[in-house]
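Colleague: based on what follows, work out the 3D shape:
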Amino acid sequence: MLAGRITLPELTFPEDDTTRLERIREWRAKQYRLRNDRYYATTLSDEQNRSAIGQVHAELSALGELPGPM
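Modeller: Here you go, the predicted structure:
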């Protein structure tokens, strides 16, 4: 096993990646809220939910993420 030194620039993400990851976190949080609302709060109709989830899935796909099931 080799031990070495890691410099700070090697541990930090570039600004573009940081921005992308933050957007992914925001869209995943929205996806989580929509799914919880669908199953527990039922504040949206099925059509409204499909439309909202469709927008979230489109954004996640545009960011290179697999959005998951509807």
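Colleague: how about low-confidence regions in the chain?
Modeller: The chain contains residues with pLDDT under 70 at 1-3, 70.
Colleague: what's the single longest helix in the protein?
Modeller: Assignment by DSSP state H gives helix 15-36 as the longest helix of the chain.
Colleague: quick one: name whatever helix or strand follows that helix.
Modeller: Where DSSP states H and E defines the elements, the next helix or strand beyond helix 15-36 is helix 46-62.
Colleague: got the buried residues for that next one?
Modeller: 49, 52, 53, 56, 57, 59, 60 (16 or more other C-beta atoms under 10 Å). In this view, the C-beta of every residue, glycine as well, is placed from N, C-alpha and C.
Colleague: for the first one, which non-adjacent residue is spatially closest?
Modeller: Beyond its immediate neighbours in the sequence, the residue positioned closest to residue 49 (C-beta to C-beta, 6 or more residues apart in numbering) is residue 38, lying 5.2 Å away.
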